[in-house]
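*Asks:* prediction below, plus the sequence it came from.
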Amino acid sequence: MLVLDRLEKRFEGKQVLRGLTLAVRPGELFGLCGANGSGKTTVMRIVLGVTTADAGEVRWNGAPMDAAARRRIGYMPEDRGLYLKQRPLDQLVYFAMLSGVPQEEAERRAREWLEGLEVKAAANDKLEDLSLGNQQKVQLIAAVIHDPELLILDEPFSGLDLHAVDAMVEVLRAFAAGGIPVLFSSHQLDLVERLCDRVAIIRDGAQVAVGTVAELRESLQQEGPSGWTLAEVYRELSR
Ligand SMILES: Nc1ncnc2c1ncn2[C@@H]1O[C@H](COP(=O)(O)OP(=O)(O)OP(=O)(O)O)[C@@H](O)[C@H]1O
């Protein structure tokens, strides 16, 4: 289980996280929702160890998150991070090997993933020659090729068509079904509602609400919200 315990973060005098606390359980698809600048990426970067919290703690399976545990995380950053000028296969093999997968196995996995996700690319295509959807699939493969124990994805669905969204959803569901906690952020609340077991809504770096979509609806304690979509609940809760 991933636990974020009372995280605080300040950038240049500006308080970005204010005691943010949440837990992502094994096998759970957990959606992080919040307006631009509410702190979602900062939370992920703290879990990854890219930036440090001023206070609070990240725990993984009961112990403080350390470098060894971080190597077992699969991360898809918002700015993606693969090289546009290189061939997808080469990059995937490279990333897998960085995480300790032997070369032959890395090549086998990379080919299998590319085929499985139907990434259409000619042998010498660079990443930039692929459609946006196919590029994003390659980014996803880079995050999962080392068989992570925890998956963290920053806006994995942005810019994707329905077909690519479905492919992405299928992969995330398969990891969750295997007991992996999956934490992702998204502004696409219809997708979050369709996909997530639980959702956290954050505003100004603090948690406003957490639970299943049904629980969030109930928390409004108003007449008639039973048919509300997550988008409607979100609007109400983040006022
Ligand atoms: N390295 C940094 N230096 C200074 N300020 C930063 C830094 N990283 C983030 N911030 C600020 O922290 C706040 C939260 O940013 P963050 O990227 O975590 O939000 P977000 O919820 O992921 O937003 P978005 O939905 O736009 O991706 C913003 O005001 C941002 O400008």
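*Replies:* Right, received. Where do you want to start?
*Asks:* going by C-alpha atoms from here, please, whenever you check contacts or count neighbours.
*Replies:* Fine.
*Asks:* nearest residue to S99 in space, please, no chain neighbours.
*Replies:* Closest residue to S99 apart from its sequence neighbours, by CA to CA, 6 or more residues apart in numbering: H146 at 6.2 Å.
*Asks:* do V199 as well
*Replies:* Closest to V199 by CA to CA, 6+ apart is G31, at 4.6 Å.
*Asks:* let me see the mean pLDDT of the helix or strand Q207 falls within.
*Replies:* When elements are assigned from DSSP states H and E, Q207 belongs to strand 206-211. Average pLDDT, strand 206-211: 91.
*Asks:* is the ligand contacted by it?
*Replies:* No: judged by CA under 6 Å from any ligand atom, strand 206-211 and the ligand are separated, with a smallest distance of 10.9 Å.
*Asks:* what does that strand contact?
*Replies:* In this structure, residues lying in contact with strand 206-211 by CA atoms under 8 Å, 6 or more residues apart in numbering are 17-21, 198-202, 216, 237-238.
*Asks:* show the buried residues in those.
*Replies:* 17-21, 198-202, 216, 237 (16 or more other CA atoms under 10 Å).
*Asks:* take the residues you listed and keep only those in helices.
*Replies:* 216, 237 (DSSP state H).
*Asks:* contacts with the ligand among the buried ones among the contacts of strand 206-211, please.
*Replies:* Within the buried ones among the contacts of strand 206-211, nothing lies near the ligand by CA under 6 Å from any ligand atom.
*Asks:* now render the buried ones among the contacts of strand 206-211 as CSV, adding pLDDT and distance to E107.
*Replies:* Shown next, in CSV, are those (pLDDT from 0 to 100; distance: CA to CA, whole Å):
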residue, pLDDT, distance to E107
L17, 96, 40
R18, 95, 43
G19, 95, 43
L20, 95, 40
T21, 95, 39
R198, 96, 35
V199, 95, 36
A200, 95, 37
I201, 93, 39
I202, 93, 40
L216, 86, 44
L237, 79, 47
